[in-house]
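S.K.: Coordinates only, no sequence provided:
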């Protein structure tokens, strides 16, 4: 009987993923529209581009891994590397170092 009660509490605490899925789809559509319809002429467009991509990657990663921390780290990694590419700093060494930092952060939070 106790096992049944534990499962019931776990089911009650589970979040609904449908609103998150809808938001992720909405942000992907918004990012795609911005990508195809505007030129990167101003800083506002670039910030909007990175912000929409961050939100889309964050929500998608959180849904795939069922963990918002991992979705956040994936989004930070992708946006960070894109910013490196924007400033012509992207190379294999920076990519390896950036991925290493993100993996170290993930291991730190898992062990904690």
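M.R.: It's in. All values derive from a computational prediction rather than experimental measurement.

S.K.: Show me what the longest helix along the chain is packed against.
M.R.: Identified as the longest helix of the chain according to DSSP state H is helix 43-65. Contact partners of helix 43-65 among helices and strands, from 3 or more C-beta pairs under 8 Å, 6 or more residues apart in numbering; DSSP states H and E: helix 18-37, helix 68-86. Heads up, the C-betas are built off the backbone N, CA and C, glycines and all.

S.K.: winner for burial among those helices?
M.R.: helix 68-86 (a mean of 16; mean count of other C-beta atoms under 10 Å).

S.K.: Report the rounded mean pLDDT for that one.
M.R.: Helix 68-86 shows a mean pLDDT of 93.

S.K.: what comes into contact with it?
M.R.: The contact list for helix 68-86 (C-beta atoms under 8 Å, 6 or more residues apart in numbering) reads 46, 50, 53-55, 57-65, 90, 94-95, 98-99, 102, 105-106, 109.

S.K.: That one versus helix 43-65: what angle between them?
M.R.: Using axes from the mean of the first three to the mean of the last three C-alpha atoms, to 10 degrees, the direction of helix 68-86 lies 140 degrees away from that of helix 43-65.

S.K.: Would you mind getting the angle between helix 68-86 and helix 18-37?
M.R.: Using the same axes, to 10 degrees, the direction of helix 68-86 lies 10 degrees away from that of helix 18-37.

S.K.: buried sites along whichever helix or strand comes after helix 68-86?
M.R.: Using DSSP states H and E, the helix or strand that follows helix 68-86 in sequence is helix 92-111. Residues of helix 92-111 classed as buried: 98, 102 (neighbour count, 16 or more other C-beta atoms under 10 Å).

S.K.: And the longest helix of the chain, what's buried?
M.R.: Neighbour-count burial for helix 43-65 flags 49-50, 52-63 (criterion: 16+ other C-beta under 10 Å).

S.K.: which one is residue 31 nearest to, not counting chain neighbours?
M.R.: residue 52 (4.1 Å; C-beta to C-beta, 6 or more residues apart in numbering).

S.K.: surely the one you found meets residue 33?
M.R.: No - look at residue 52 against residue 33 with C-beta atoms under 8 Å: they stay out of range, at 9.1 Å.
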